[in-house]
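# Structure for this input, please:
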Amino acid sequence: MDGSGLAAMDRVEFDAEVAVLGAGAAGLFAAIRAADLGANVVVLERNRRPGVKILMSGGTRCNLTNARGLRRLEVVSGPIDAAYNPALCRGTRAIQDAFGPGGPFLGPALRQLDVDRTVQLFEAEGVATKVEGNGKIFPATDRAVDVLDALVRRLGRSGASLRGHESVESLHPDEGGAGGFRIGMAGGSIRARRVVLAMGGRSYPGCGTRGDGYRIGAELGHGIVATRPALVPIRVVPEWVASLRGLSLQDVTASVQERGGKLLQQRREAVLFAHFGLSGPAILDVSRAVAHHEGTEPLDLSLDLFPDQSREQVDARLQAACRHGRATVASIVGADLPQRLAECLVEAAGIPRSRTGPELSRAERMRLVRAMKGHPLTIAGTLGFEKAEVTTGGIRLEEVEPRTMESRIVPGLYLAGEVLDLDGLIGGYNFQAAWSTGWLAGEAAARAVRGGGP
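Down below sits the predicted model:
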């Protein structure tokens with residue numbers, strides 16, 4: 001912008017130097033960072049209070065981030081349940097890897113706000129943390145409300161103004177050479193020099209999310225990758241799955257494949273049986289393949305109940321166990337698996353419940369081994385956005401400058417969080433992306449209007 005443009009901009013009366021649209025994870029961090037750098041910041045939130053989705057996350061425990069992204073991590077393996085330990089770390093690459101093709105885009109944001117600094121920020125606000133299995137970092141109190149309270153305190157101390165019950169309906173760049181934006185709301189409008197669009201996605205609409213950020217982005221000329229539910233439970237057809245509702249298995253490999261055999265996605269983690277089908281971390285992670293599937297080939301979900309053993313090893317153990325005694329096959333399988341599950345697997349393999357070990361034929365044994373190592377379950381869909389933890393799809397990453405989060409389509413507009421086409425695995429990764437992109441967007445917007453800062 002030339003000198004005359006700056007002069008014109010200075011003569012215009014703005015309501016805020018930086019307006020942040022949305023007070024979720026990304027929006028709160030953007031506002032805090034921008035205000036800390038001296039910008040006059042206003043946050044507009046559709047709900048009465050900020051961070052509603054934060055309160056619901058992680059089963060109301062809020063999985064803040066993941067210890068695999070700590071810079072000093074050498075190895076994180078097996079269940080961990082201890083106080084936060086900076087000695088357990090591996091660097092930002094582990095966070096990027098969780099986002100697949102979108103991971104490289106996150107590099108600059110993670111360099112500005114990595115996992116170490118994120119944990120330090122929360123602990124400085126009195127939120128002690130702990131590390132659990134697979135590196136998941138939670139507040140030590142297991143209370144998401146403590147996380148949100150800390151953010152609200154930090155926001156208040158930054159000097160940013162939070163306005164609830166403000167539903168943003170439109171966003172237009174101001175005309176006449178003055179620059180800035182006019183933000184239309186149900187009760188009027190305000191003007192801001194810079195805008196951070198952090199209105200979230202379409203997941204958990206009960207939190208007040210409607211996907212308005214996608215509409216606003218599209219109206220401003222941004223391309224939108226089709227949005228679909230991600231990290232969402234999967235519905236499967238066999239009735240015996242529903243009969244196991246409430247049962248959980250801690251170490252299972254879940255796979256989604258086309259009926260023709262093409263593997264689409266695989267994840268080893270915990271699985272939970274439910275009345276509609278399957279949930280749990282492994283299922284939520286592979287649900288992305290279901291959401292993105294556009295072919296006509298039916299999809300199957302298979303569960304490998306013994307991921308550390310080959311089919312040959314499982315078969316050998318089963319043969320050995322069946323040689324002696326008169327125990328039923330279901331009882332033999334039940335020695336290694338929950339009895340209810342063992343009975344269902346025997347039935348799924350077409351084996352009579354009365355069949356004893358010595359009576360088991362080779363063909364029956366092969367079917368049973370297959371059931372334990374990956375019996376295909378027909379997928380009937382997902383539970384949709386109502387139960388999805390994140391949205392896959394959104395504003396195209398190639399239209400956003402990753403070093404600043406500024407739009408390459410609309411100068412002065414910055415984008416952060418779930419509104420972007422950026423979604424990762426379960427385990428705190430998506431929150432870290434929200435914290436980091438929000439932080440970088442707030443910083444870049446503030447520096448643009450303040451001409452620098454600490």
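
# Wait, Gly221 touches Leu413, no?
No: between Gly221 and Leu413 there is no contact, the gap being 10.1 Å when judged by CB atoms under 8 Å. Just so you know, the C-beta spots here come from the backbone N, C-alpha and C atoms, and that holds for glycine as well.

# and these two? which has more neighbours close in?
Leu413 (25 against 10; other CB atoms under 10 Å).

# Skipping its backbone neighbours, what lies nearest that one in space?
Sequence neighbours aside, Ser407 is the residue nearest to Leu413 in space, at 4.2 Å (criterion: CB to CB, 6 or more residues apart in numbering).

# after the helix or strand containing Ile137, next one along is what?
In the assignment (DSSP states H and E), Ile137 maps to strand 136-139. Note on strand 136-139: by DSSP H and E, the next helix or strand toward the C-terminus is helix 144-158.

# so how far is whichever strand or helix holds Ala445 from its chain's centroid?
Using DSSP H and E, Ala445 sits within helix 429-450. Mean-position distance between helix 429-450 and its chain equals 18 Å (CA atoms, centre = their mean, to the nearest Å).

# angle of that helix against helix 144-158?
Calculated by axes from the mean of the first three to the mean of the last three CA atoms, to 10 degrees, helix 429-450 forms an angle of 10 degrees with helix 144-158.

# Output helix 429-450 in CSV with nothing but the alpha carbons.
C-alpha atoms of helix 429-450 as CSV (Å, rounded to 0.1, in the frame of the first residue of the first chain):
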residue,chain,number,x,y,z
TYR,A,429,-3.4,-32.9,17.0
ASN,A,430,-6.3,-30.9,15.8
PHE,A,431,-6.3,-28.7,18.9
GLN,A,432,-2.6,-28.0,18.4
ALA,A,433,-3.3,-27.0,14.8
ALA,A,434,-6.0,-24.6,16.0
TRP,A,435,-3.8,-23.1,18.7
SER,A,436,-0.8,-22.7,16.4
THR,A,437,-2.7,-21.3,13.3
GLY,A,438,-4.7,-19.0,15.5
TRP,A,439,-1.5,-17.7,17.2
LEU,A,440,0.3,-17.1,13.9
ALA,A,441,-2.8,-15.4,12.3
GLY,A,442,-3.2,-13.1,15.3
GLU,A,443,0.5,-12.2,15.3
ALA,A,444,0.6,-11.5,11.5
ALA,A,445,-2.6,-9.4,11.7
ALA,A,446,-1.3,-7.4,14.6
ARG,A,447,2.1,-6.7,13.0
ALA,A,448,0.3,-5.6,9.8
VAL,A,449,-1.5,-2.9,11.7
ARG,A,450,1.0,-2.0,14.3
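
# and it, what's its mean pLDDT?
The average pLDDT within helix 429-450 is 96.

# Give me the below-cutoff pLDDT ranges for the stretch 101-250 of the chain.
When residues are selected by pLDDT under 70, those of the stretch 101-250 of the chain lie in 176-178.

# distance of Gly325 from Asp15?
To Asp15, Gly325 is 80 Å away according to CB to CB, to the nearest Å.

# Oops, could you answer that again for Leu360 instead?
From Leu360 to Asp15 the distance is 76 Å (CB to CB).

# between those two, which one's more packed in?
Leu360 (20 against 16).

# Show the contacting residues for that one.
Cys322, Val329, Ile351, Leu368 (CB atoms under 8 Å, 6 or more residues apart in numbering).

# Closest to Phe105 out of those?
For these, the residue nearest Phe105 by CB to CB is Leu368; the value is 45.7 Å.

# Helix, strand, or coil at the closest one?
When classified by DSSP: H, G, I helix; E, B strand; the rest coil, Leu368 comes out as helix.

# List the residues that contact it.
For Leu368, the contacting residues are Leu318, Val329, Val333, Leu345, Val346, Ala349, Ile351, Leu360, by CB under 8 Å, 6+ apart.

# can you list these in JSON lines and add secondary structure?
Putting these into JSON lines (three-state DSSP) gives the following:
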{"residue": "Leu318", "secondary structure": "helix"}
{"residue": "Val329", "secondary structure": "helix"}
{"residue": "Val333", "secondary structure": "helix"}
{"residue": "Leu345", "secondary structure": "helix"}
{"residue": "Val346", "secondary structure": "helix"}
{"residue": "Ala349", "secondary structure": "coil"}
{"residue": "Ile351", "secondary structure": "coil"}
{"residue": "Leu360", "secondary structure": "coil"}
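
# which two in these are spaced the farthest apart?
The widest separation within the contacts of Leu368 (CB to CB) is 13.1 Å, between Leu345 and Leu360.

# Leu415 against Arg408, yeah?
No: the pair Leu415 / Arg408 is not scored as a contact, 10.2 Å apart, by CB under 8 Å.

# mind listing the strands for the stretch 351-454 of the chain?
For the stretch 351-454 of the chain, the strands defined by DSSP state E, counting those that start in this stretch cover 377-382, 390-395, 400-401, 406-407, 413-415.

# Where do the strands of the stretch 51-200 of the chain begin and end?
Using DSSP E, counting those that start in this stretch, the strands of the stretch 51-200 of the chain run over residues 65-66, 82-83, 129-131, 136-139, 161-163, 168-173, 181-185, 188-197.
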